[in-house]
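Colleague: Sequence first, then the predicted structure, then my questions.
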Amino acid sequence: MPTELVNGFGKVYLTIEYDPANQWVYNNWVGYQTYVGIIRGADECLYPLLENQCSYLLNDNRQVLGPWDHAVQWLVTDWAPRAVAQGLTHFAQVVSPESFAAQSADAMYKGISDRFQMRMFDNIVIAQTWLYEEQKLAAKRRLNG
């Protein structure tokens with residue numbers, strides 16, 4: 001069952017869902033993102049990651065309007081260490097390349113790329129393929145190791 005977070009205007013700004021078939025959490029962010037909304041949403045996505053012992057996150061920003069630079073520092077210094085501590089290893093960030101959100105995602109990538117594997121994509125199918133391939137590699141390492 002997806003979790004939907006609603007902004008002060010009653011509009012859904014984030015849908016979070018664990019995908020058991022693919023074994024990743026999918027976040028779909030929509031519209032303008034406030035600092036408070038980003039903090040709430042990022043924290044909320046930690047629950048299905050932990051609950052499902054999931055190491056893979058597919059974060060979709062294709063429908064985000066405007067930048068979210070105001071939250072990058074918090075994501076890098078507060079959220080990322082907690083996500084890693086509970087097992088996050090792979091983060092696929094999907095953005096529209098010409099958007100302001102893509103610039104914010106790039107700033108986040110530069111701040112946390114050494115903590116877990118984060119890749120940026122402009123195509124969700126390619127992002128999903130990367131996560132799937134990384135899962136296969138991890139399973140192979142476990143078998144050999």
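Modeller: Happy to help now that I have it.
Colleague: tell me how far the ends of stretch 11-31 are from each other?
Modeller: Its start and end residues considered, stretch 11-31 measures 9 Å (Cα to Cα, to the nearest Å).
Colleague: Count the neighbours of the closest residue in space to residue 71 that isn't next to it in sequence for me.
Modeller: In space, and not counting its chain neighbours, residue 71 is closest to residue 38: 4.0 Å by Cβ to Cβ, 6 or more residues apart in numbering. Placement of C-beta: from N, CA and C, glycine included. Burial of residue 38 is recorded as 21 neighbouring residues (other Cβ atoms under 10 Å).
Colleague: Let me know the next secondary structure element after the helix or strand harbouring residue 38.
Modeller: Residue 38 is part of helix 35-51, with elements assigned from DSSP states H and E. Helices and strands here follow DSSP H and E; after helix 35-51, the next one along the chain is strand 56-64.
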